[in-house]
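Student: Quick one: sequence and predicted model below, then my questions.
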Amino acid sequence: MKQPQHTTPNEAGTSASEIGPWVLALIHLHARIAPRFARPQPRRRALLYLQGVLRCIERTNGWQLAEHGRRATP
């Protein structure tokens with residue numbers, strides 16, 4: 001049986017100083033697409049979707065993203 005091989009070194013990690021710009025970039029991206037939605041509810045869902053896609057979720061399907069966004073359905 002083949003042993004699992006890790007491709008990421010153990011030292012690899014993300015610091016808080018690296019995450020800050022990512023959060024700002026996500027906010028700017030959301031601000032750019034927000035005018036495409038007439039109502040605030042779809043705007044919020046779009047932001048939750050983007051956050052869910054970028055989050056480290058085991059399986060990134062519609063149900064998992066809805067669960068991340070605290071929605072009942074995808």
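Tutor: Okay, I see it. Numbers count the residues shown, from 1 in each chain.
Student: quick one: the helices in this structure?
Tutor: All helices of the chain, identified by DSSP state H, fall at 16-33, 40-54, 62-68.
Student: Let me know which of the ones you listed is the nearest to Pro74.
Tutor: Closest to Pro74 of the helices of the chain, according to Cβ to Cβ: helix 62-68, at 3.2 Å. Heads up, the C-betas are built off the backbone N, CA and C, glycines and all.
Student: Tell me where the model's unsure across this structure.
Tutor: Low-confidence segments of the chain (pLDDT under 70): 1-13, 57.
Student: re the thing from before, just send the helices of the chain back as CSV, with mean neighbour count too.
Tutor: Formatted as CSV, the helices of the chain follow (neighbours: other Cβ atoms under 10 Å):
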stretch, mean neighbour count
helix 16-33, 10
helix 40-54, 15
helix 62-68, 15
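Student: Can I get the ones you listed in TSV including distance to Pro74?
Tutor: What follows is those, written out as TSV (distance: least, Cβ to Cβ, whole Å):
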stretch	distance to Pro74
helix 16-33	19
helix 40-54	10
helix 62-68	3
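Student: which ones are touching Glu22?
Tutor: I think there's a mix-up here, since residue 22 is Trp and not Glu. Taking Cβ atoms under 8 Å, 6 or more residues apart in numbering, we find Trp22 in contact with Leu54.
Student: what sits against the residue nearest to Thr73 when sequence neighbours are not counted?
Tutor: Among residues not flanking Thr73 along the chain, Ala66 sits closest, at 6.0 Å (Cβ to Cβ, 6 or more residues apart in numbering). For Ala66, the contact set (Cβ under 8 Å, 6+ apart) comprises Ala72, Thr73, Pro74.
Student: same question, Glu67
Tutor: For Glu67, no residue meets the contact criterion (Cβ under 8 Å, 6+ apart).
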